[in-house]
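>>> Structure for the following, please:
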Amino acid sequence: MKATFTLAALALAIASANLSAAEKQYTASERAERIAKQSILIDTHIDVPYRIADKWDDVSKATEGGDFDYPRAKKGGLNVPFMSIYIPASLEFEGKGKSYQLANQLIDGMEALVFRAPDKFAIAYSYKDAYTHFKLGKMSIAMGMENGSPMEGDMKNLKHFYDRGVRYITLAHSQSNHISDSSYDLRRKWKGLSPFGKELVKEMNSIGMLIDVSHISDAAFYQVMELSKVPVIASHSSLRKYTPGFERNMDDDMLLALKKNGGVIQINFGSSFVTSASRGWYDKRNAAKKEAEDSGKATTDFAAAYRAKNPFPFATLEQVLDHIDHVVKLIGIDYVGIGSDYDGVGDSLPIGLKDVSTYPNLVQGLLDRGYNEAQIKKILGGNTMRVWRQAEEYAEKVSTKS
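So this is what the prediction gives:
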């Protein structure tokens, strides 16, 4: 018995040492820290609004939970977080007025955050605002709407939310809606975009609202490519190359189409977006839960119990970098950015990228892989600023002609 205990203790010590080594290898250098803090660093998808609507927390100060708060963001160099105005994809919300109401309430929350801490935050209504705030040392609160459900089939709502500060719209979420089919939804009602969705894409171009192709079906993606006159974004997607069969991510043909469009894919940090092992873990857990439910053995704490017996295979920062590398090698340095999905993917973030304080680790990894500072600045924010500027310039040109 004593020998068994000793072997178990030794195994635990080795595992702990390996974990510590993994964490330690992602310690950023002073150079990486400097690059992160002296660059415009844009993360196009952070789920703070829904997080604090569900359980309020003052993220202008240090918080015990969550992946974002102001002190950690400052430490990481983040200065332009796109806060996600997330609307759940469900029949409860779609087409019943609740989407519109919730979206406005979440925007109210971001305005309240800026009102409480005007020395720290300012809302960015344009790419020029982001530059101005950066020079002033303030953090820009930009907003993107995840799920176009609040359009409610009425084009005037697009202008309403643009006026309120929303600067991109993810056309659908985990279910198809009145705009587009979803990559997660087996029902392909529209075979891509709906008639309203096609008109919405054109109108988004005309007012300077960026189109987000994350979450939508492949058919919808290619229809957006045909219709959009300006570059689009994939605000929080990763690559199907590393997660075969996962339509939510983008394949190489889509990346090539994105390059032709001039758009940017912002890489999602969630482990299940990064590795097939992490993706498969969820499939096995769900199958085990169904089996337990069918046999009447499911417990209220099933998820926690399953995870305790079957540790989650976290991705690593190195694997996130593999996604960035592949985009750069296939289509170039000008088409990739950051869309972490912080506060949106639960406890599934990679080792080395656990919250908004860890962007310097990403910078260090890029340096270690031979990227120069100019290239890193493009990934951190330069590429996203370009498409934001192009969307606004196109809208201004259209407005001048009309």
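
>>> Please, where are all the strands along the stretch 51-200 of the chain?
80-86, 121-123, 139-146, 166-170 (DSSP state E, counting those that start in this stretch).

>>> Looking at those, which is nearest to Leu210?
Counting by Cβ to Cβ, Leu210 lies closest to strand 166-170 out of these; the figure is 3.7 Å. Yep, even glycine has a C-beta here, placed from its N, CA and C like the rest.

>>> Please name every helix or strand in contact with the closest one.
strand 80-86, strand 139-146, strand 210-212 (3 or more Cβ pairs under 8 Å, 6 or more residues apart in numbering; DSSP states H and E).

>>> go again using 7 Å as the cut-off
Packing contacts for strand 166-170, counted by 3 or more Cβ pairs under 7 Å, 6 or more residues apart in numbering; DSSP states H and E, involve strand 139-146, strand 210-212.

>>> what comes into contact with the longest one?
Put plainly, it is strand 139-146. 44-45, 73, 79-87, 103, 107, 110, 113-114, 120-124, 129-130, 133, 161, 165-170, 173, 212, 235 (Cβ atoms under 7 Å, 6 or more residues apart in numbering).

>>> Report the backbone C-alpha coordinates of it in CSV.
Extracted in CSV, the C-alpha atoms of strand 139-146 (Å, rounded to 0.1, in the frame of the first residue of the first chain):
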residue,chain,number,x,y,z
MET,A,139,-9.4,51.7,-23.7
SER,A,140,-11.9,51.8,-26.7
ILE,A,141,-15.1,49.9,-26.1
ALA,A,142,-16.2,48.8,-29.6
MET,A,143,-19.2,46.6,-30.0
GLY,A,144,-20.2,43.7,-32.3
MET,A,145,-23.5,42.0,-32.4
GLU,A,146,-23.4,38.2,-32.2
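
>>> I'd like the numbering to begin with 45 instead of 1 from here.
All right, first residue 45 from here; so that's strand 183-190.

>>> Kindly calculate the angle that that strand makes with strand 210-214.
Here strand 183-190 runs at an angle of 30 degrees relative to strand 210-214 (axes from the mean of the first three to the mean of the last three Cα atoms, to 10 degrees).

>>> what about the nearest residue in space to Leu300 that is not next to it in sequence, distance to Gly307?
Nearest residue to Leu300, sequence neighbours excluded (Cβ to Cβ, 6 or more residues apart in numbering): Ile375, at 6.3 Å. Per Cβ to Cβ, to the nearest Å, Ile375 is found 10 Å from Gly307.

>>> picking up where we left off before, now the strands of the stretch 95-244 of the chain in CSV, with distance to Glu243?
Formatted as CSV, the strands of the stretch 95-244 of the chain follow (distance: least, Cβ to Cβ, whole Å):
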stretch, distance to Glu243
strand 124-130, 21
strand 165-167, 28
strand 183-190, 17
strand 210-214, 14
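
>>> can you list the ones you listed in JSON lines and add mean neighbour count and distance to Val371?
Shown next, in JSON lines, are those (neighbours: other Cβ atoms under 10 Å; distance: least, Cβ to Cβ, whole Å):
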{"stretch": "strand 124-130", "mean neighbour count": "27", "distance to Val371": "19"}
{"stretch": "strand 165-167", "mean neighbour count": "19", "distance to Val371": "30"}
{"stretch": "strand 183-190", "mean neighbour count": "25", "distance to Val371": "20"}
{"stretch": "strand 210-214", "mean neighbour count": "26", "distance to Val371": "19"}
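
>>> for the ones you listed, which one sits closest to Ala263?
If you check each of the strands of the stretch 95-244 of the chain against Ala263 by Cβ to Cβ, strand 210-214 wins as the nearest, at 16.5 Å.

>>> Identify the residues contacting that closest one?
The contact list for strand 210-214, computed with Cβ under 7 Å, 6+ apart, reads 129, 186-192, 248, 253-256, 258-259, 277, 279.

>>> Show me what the mean pLDDT comes to for it.
The average pLDDT within strand 210-214 is 98.

>>> Restricting the selection to alpha carbons, write that strand to PDB.
Written as PDB, here are the backbone C-alpha positions of strand 210-214 (Å, rounded to 0.1, in the frame of the first residue of the first chain):
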ATOM      1  CA  VAL A 210     -22.500  48.400 -33.100                       C
ATOM      2  CA  ARG A 211     -19.900  48.000 -35.800                       C
ATOM      3  CA  TYR A 212     -20.200  44.400 -36.900                       C
ATOM      4  CA  ILE A 213     -23.000  41.900 -37.000                       C
ATOM      5  CA  THR A 214     -22.500  38.100 -36.900                       C
END
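
>>> hang on, the earlier thing: among the strands of the stretch 95-244 of the chain, which comes closest to Ser104?
strand 165-167 (7.1 Å).

>>> Just list what that closest one packs against, helices and strands only.
On a contact count with 3+ Cβ pairs under 7 Å, 6+ apart, strand 165-167 meets helix 142-160, strand 183-190.

>>> which residues touch Met298?
By Cβ under 7 Å, 6+ apart, the contact set of Met298 is Phe265.

>>> now Val371
Val371 is in contact with Leu299, Ile309, Tyr379, Val380, counting by Cβ under 7 Å, 6+ apart.

>>> Now do the phi/psi pair for the third one.
Note on Tyr379: its backbone torsions stand at phi -130, psi 20 [degrees, to the nearest 10].

>>> Would you agree it is in contact with Leu302?
Yes. Counting by Cβ atoms under 7 Å, Leu302 is a contact partner of Tyr379 at 6.2 Å.

>>> Show me the contact partners of the helix or strand Asn427 falls within.
Asn427 is located in helix 427-445, with elements delineated by DSSP states H and E. Helix 427-445 is contacted by residues 84, 86, 88, 170-171, 174, 249-252, 254, 273-275, 277, 307-308, 310, 378-381 when judged by Cβ under 7 Å, 6+ apart.
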